[in-house]
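Q: When you get a sec, could you give me coordinates for this:
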Amino acid sequence: MLLRRIEKFLRETGMPWTKFGRLAAHDPRFVQDLRNGRAPRAKTTSRVEHFMNTYREEARAN
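A: So this is what the prediction gives:
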């Protein structure tokens with residue numbers, strides 16, 4: 001489930017959920033909407049997962 005992966009990412013990075021939404025989905029309410037039952041499209045899910053993977057890779061490189 002995407003929301004679980006996002007919540008884990010937020011705990012690992014300490015990133016605020018609004019910042020995550022802005023950076024990953026161009027929507028600061030994205031995480032809150034997911035928490036309230038929003039079902040993202042497949043393309044949005046792919047974009048968000050790509051963001052999390054890229055962010056982790058860049059963090060490891062630094």
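
Q: what helices or strands is the helix ranked longest in the chain leaning on?
A: For the chain, the helix with the greatest residue count under DSSP state H is helix 42-61. Judged by 3 or more Cβ pairs under 8 Å, 6 or more residues apart in numbering; DSSP states H and E, the packing partners of helix 42-61 are helix 2-13, helix 17-25. Using the backbone N, CA and C atoms, a C-beta is placed for each residue, glycine as well.

Q: Flag every buried residue along the longest one.
A: Meaning helix 2-13. 6, 9-10 (16 or more other Cβ atoms under 10 Å).

Q: any idea which of those residues is closest to residue 47?
A: residue 6 (12.3 Å; Cβ to Cβ).

Q: residues contacting the closest one?
A: Neighbouring residues of residue 6 by Cβ atoms under 8 Å, 6 or more residues apart in numbering: 20, 31, 34, 48, 52.

Q: That one and residue 35, how far apart?
A: 9 Å (Cβ to Cβ, to the nearest Å).

Q: Need the residues touching each of those two.
A: By Cβ under 8 Å, 6+ apart, no residue touches both residue 6 and residue 35.
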